[in-house]
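Student: I'll drop the sequence and a predicted model, then ask my questions.
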Amino acid sequence: MVRIAVLVSGGGTNLQALLDAQARGTLQNGSIAAVLSSRPDAYALERARAAGIPGYVVARKDFPSNREMTLALVRQLKELRIGLVVLAGFLHILTEEMVQAYPNAILNVHPALIPSFCGAGYYGLHVHERALAYGVKITGATVHFVNEEPDGGPIVLQKAVQVLEGDTPELLQRRVMEQAEWVILPRAVSLFCQGRLRVEGRHVTILEEETP
């Protein structure tokens, strides 16, 4: 059973999707062992508490740099014997020490179809503002492995979502969450925990499920 830690900074809607998948039994061979927040007031910690999952605060403001915060996170994750790290609305850039500690074992969900609208400065509502400003007809979400390049790791899953006439960034954000993020993030986590993701360079292969 793979022990999973979910890193959060805010409301925790993607965390809730993972908690719901675990409750349904669709998070195969994985168990959410901890939720780590960069903010003590993040509502995601309330979601963790309601589900009986231990919550920890590693607050960015308590450290002089992202590197010091990253090192503290790595120490906490190792103490908890974590096998998979999931970034679910974690709003801070982690330094290379995290990737070195968990190579091909960190998953992130991004609210666009990478390589569109990704990289430095593309997070949260800003992604949807840029997509609408550009005039795209299709957007979506991506789950990818994390490497040293922001949003640059190997892609695991993507799901497209239609942009509708009259969309605001808020409306589009909600639709992308409901139709894409909350679908593909639990699936990617489950595939990892089942050992069905093989990474070769920038490519991820989903292995067929073994028949009994």
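Tutor: Now that the structure is in, tell me what you want to look at.
Student: For the rest of this, base every contact and every neighbour count on C-alpha atoms.
Tutor: OK.
Student: burial of the residue nearest to Glu148 when sequence neighbours are not counted, as a residue count?
Tutor: Leaving out its chain neighbours, the residue that sits closest to Glu148 by Cα to Cα, 6 or more residues apart in numbering is Glu96, at 5.8 Å. Residues contacting Glu96 under the criterion other Cα atoms under 10 Å number 15.
Student: what about Glu96, distance to Gly11?
Tutor: For Glu96, the distance to Gly11 equals 26 Å [Cα to Cα, to the nearest Å].
Student: What of Gln173?
Tutor: Going from Gln173 to Gly11 by Cα to Cα gives 14 Å.
Student: Compare these two and say which is more crowded by neighbours.
Tutor: Shown here are Gln173 and Gly11; by other Cα under 10 Å, Gln173 has more neighbours (20 against 17).
Student: how many neighbours does the nearest residue to the more buried one once chain neighbours are set aside have?
Tutor: Distance criterion Cα to Cα, 6+ apart; nearest residue to Gln173, sequence neighbours excluded, is His128 at 6.4 Å. Neighbour count for His128, taken as other Cα under 10 Å: 25.
Student: for Lys159, phi and psi?
Tutor: phi -140, psi 130 (degrees, to the nearest 10).
Student: do you know how far it is from Gln28?
Tutor: Applying Cα to Cα, the value for Lys159 to Gln28 is 21 Å.
Student: Report the contact partners of Asn147.
Tutor: Contacts for Asn147 (Cα atoms under 8 Å, 6 or more residues apart in numbering) come out as 96, 99, 103-104, 153.
Student: Which ChimeraX command selects the buried ones in those residues?
Tutor: Buried residues within those, by 16 or more other Cα atoms under 10 Å, are selected in ChimeraX with:
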select :99,104,153
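Student: This protein: strands as residue ranges?
Tutor: Remark: strands assigned in the chain by DSSP state E are 2-8, 30-37, 55-57, 84-87, 106-110, 138-145, 155-162, 197-200, 203-206.
Student: how many neighbours does Arg75 have?
Tutor: By other Cα under 10 Å, 14 other residues sit near Arg75.
Student: Regarding this structure, what is its longest helix?
Tutor: helix 66-79 (DSSP state H).
Student: And the contacts of that helix?
Tutor: For helix 66-79, the surrounding residues in contact (Cα under 8 Å, 6+ apart) are 5, 58-60, 62-63, 92-95, 97-98, 101.
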